[in-house]
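Asker: Dropping a prediction and its sequence here:
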Amino acid sequence: MGLFAADFAHLHGLNTIIFDSLNEVGGQPNWLYPFKQIADIPVFDSITGSDLIKKLHNNIKDKVTIQTNYSVEKVKKNTTGFKINDDYQAKTIIIATGVGSFKPKKFPLKSTPEINNRIHYYIQNPALFKNQTVGIFGGGDSALDWGVELSKYANIKLIHRRKEFRGLESSVRKLNTLDNVELLTPYLPKNMELKNDKLSIELREVGSNNLLTQNFDQIVVAYGFRSDNRLIKQWGIDLTPSHIKVDQEMKTNIDGIYAIGDAVNYPGRVPVIGLGFGEAQIAITAIMRQLFPEKTLTIHSTSI
Ligand SMILES: Cc1cc2nc3c(=O)[nH]c(=O)nc-3n(C[C@H](O)[C@H](O)[C@H](O)COP(=O)(O)OP(=O)(O)OC[C@H]3O[C@@H](n4cnc5c(N)ncnc54)[C@H](O)[C@@H]3O)c2cc1C
């Protein structure tokens with residue numbers, strides 16, 4: 001949402017800087033599902049997460065300053081706006097931190113540095129797994145999406161602790177039709193060791209003591225992410241209980257700080273990209289009204 005908000009802010013003539021704690025912008029679409037075909041973004045029949053981010057990024061190149069590898073940890077109000085980490089001064093702030101700094105839930109078994117090299121939480125280049133056997137652990141959309149994408153390159157074993165998957169039924173149907181994909185449910189990982197250059201993982205069938213050992217070249221862990229909004233609370237922002245509270249103009253309880261995207265919640269909100277784009281437009285329009293109360297605000301891009 002930050003990328004689109006910056007583009008819309010630039011259109012209104014505002015000087016904008018984007019901060020991202022990761023080494024690349026793009027949030028969840030870029031890191032969690034770069035290869036998934038997103039089918040619910042207006043205008044595109046479908047577009048991959050990675051292509052959507054590329055387009056948003058290209059739109060703001062040369063217009064907006066982007067500071068990656070920069071985690072915003074401190075925000076302090078002063079007479080001219082806000083001090084960010086003692087480094088930057090801004091008149092207004094839009095928080096678009098989504099689920100927070102990405103911290104994947106870790107694979108729960110004891111590991112070694114050698115084994116860790118074969119455990120993945122993000123994948124940028126699935127072709128690296130060509131002709132390998134890959135275990136995917138998890139049962140939500142991420143696990144299913146990785147299953148579909150990686151099956152183009154590798155043999156897949158998808159391991160989930162429940163019989164039913166939590167993700168899209170169409171993805172489960174697709175996986176069921178693929179010869180190089182095996183769905184192993186309901187199983188939990190119990191022990192892991194490196195043996196004959198393979199990651200050998202003992203699985204326990206849930207509800208019984210049946211054990212099954214499977215060998216993998218690599219595993220992908222898709223157990224979800226922990227959100228960390230505690231940081232935001234330290235800035236004095238009201239949360240409800242884990243999301244940011246906003247009014248109809250996306251204003252937080254602190255005058256001058258706005259919030260959009262998955263970081264916020266209100267009755268009826270759904271965590272989708274299209275809605276976040278709209279929230280960015282509401283927030284920038286409110287910021288324009290706050291910064292330039294004397295101006296008659298032009299709303300449509302053709303008149304700005
Ligand atoms: C598997 C999966 C599939 C999905 N599929 C769809 C779909 O098909 N269609 C759809 O519309 N939506 C989909 N979504 C939801 C969509 O991805 C989110 O609604 C959207 O990414 C929210 O954008 P955001 O900018 O609010 O947050 P994010 O995408 O989470 O981006 C937040 C950014 O803020 C950065 N950040 C966090 N804290 C700090 C900090 N303190 N300092 C600096 N930077 C920070 C992070 O590094 C990150 O880059 C899906 C989500 C998942 C997980």
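Answerer: Okay, I see it. These numbers were taken from a predicted model, which means no experiment stands behind them. Numbering: from 1, shown residues only.

Asker: Please count neighbours and contacts with C-alpha atoms only from this point.
Answerer: Will do.

Asker: Could you pull up the mean pLDDT of the lengthiest helix in the chain?
Answerer: Counting by DSSP state H, the longest helix found in the chain is helix 273-291. For helix 273-291, the mean pLDDT works out to 97.

Asker: Let me see the ranges of the strands in the stretch 201-304 of the chain.
Answerer: Using DSSP state E, counting those that start in this stretch, the strands found in the stretch 201-304 of the chain span residues 211-216, 218-221, 225-226, 257-259.

Asker: for these, which one ends up most surrounded?
Answerer: strand 257-259 (a mean of 26; mean count of other CA atoms under 10 Å).

Asker: Could you list every helix and strand in contact with that strand?
Answerer: strand 93-95 (3 or more CA pairs under 8 Å, 6 or more residues apart in numbering; DSSP states H and E).

Asker: can you list contacts of the strand it packs on?
Answerer: For strand 93-95, the external contacting residues (CA atoms under 8 Å, 6 or more residues apart in numbering) are 2, 82, 256-260, 263, 283.

Asker: List the neighbouring strands of that strand plus their orientation.
Answerer: Take DSSP bridges as the rule and strand 93-95 pairs in its sheet with strand 257-259 (parallel).

Asker: The partner strand - what's its average pLDDT?
Answerer: Rounded mean pLDDT across strand 257-259 is 98.

Asker: what about it, near the ligand?
Answerer: No - Strand 257-259 is not in contact with the ligand by CA under 6 Å from any ligand atom; minimum separation 9.0 Å.

Asker: Just the residues contacting that strand, thanks.
Answerer: 92-96, 244, 246, 250-252, 283.

Asker: Would you mark the buried spots in stretch 252-266?
Answerer: Using 16 or more other CA atoms under 10 Å as the test for burial, stretch 252-266 gives 252-253, 256-265.

Asker: relative orientation of whichever strand or helix holds residue 8 and helix 273-291 in degrees?
Answerer: Using DSSP states H and E, the element containing residue 8 is helix 2-11. Helix 2-11 and helix 273-291 are oriented at 40 degrees to each other (axes from the mean of the first three to the mean of the last three CA atoms, to 10 degrees).

Asker: which helices and strands sit right next to helix 2-11?
Answerer: Helix 2-11 packs on strand 17-19, helix 49-60, helix 273-291, going by 3+ CA pairs under 8 Å, 6+ apart.

Asker: mind checking which of those is nearest the ligand?
Answerer: helix 273-291 (3.8 Å; CA to the nearest ligand atom).

Asker: ok now that closest one, how far from the chain's centre?
Answerer: Helix 273-291 sits 20 Å away from the centroid of its parent chain (CA atoms, centre = their mean, to the nearest Å).

Asker: Other residues contacting it?
Answerer: The set of residues external to helix 273-291 that reach it, using CA under 8 Å, 6+ apart, is 1-2, 4-5, 8-9, 12, 40-42, 92, 94, 249-251, 256, 258-262, 295, 297, 299.

Asker: Stretch 18-27 and the ligand, any residue contact?
Answerer: Yes - remark: stretch 18-27 sits within contact range of the ligand at 19-22, 25-27, by CA under 6 Å from any ligand atom.

Asker: Just the buried residues from the contacts of helix 273-291, in ChimeraX please.
Answerer: Filtering the contacts of helix 273-291 down to the buried ones (16+ other CA under 10 Å) takes a single ChimeraX command:
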select :1,2,4,5,8,9,12,92,94,249,250,251,256,258,259,260,261,262
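
Asker: quick one on the thing from earlier: in a markdown table: the helices and strands packed on helix 2-11, plus mean neighbour count.
Answerer: Formatted as a markdown table, the helices and strands packed on helix 2-11 follow (neighbours: other CA atoms under 10 Å):
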| stretch | mean neighbour count |
| --- | --- |
| strand 17-19 | 17 |
| helix 49-60 | 17 |
| helix 273-291 | 19 |
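
Asker: With respect to residue 176, which of those lies nearest?
Answerer: helix 49-60 (23.7 Å; CA to CA).

Asker: now check the closest one, is it near the ligand?
Answerer: No - with CA under 6 Å from any ligand atom as the criterion, the ligand is not reached by helix 49-60; the gap is at least 8.3 Å.
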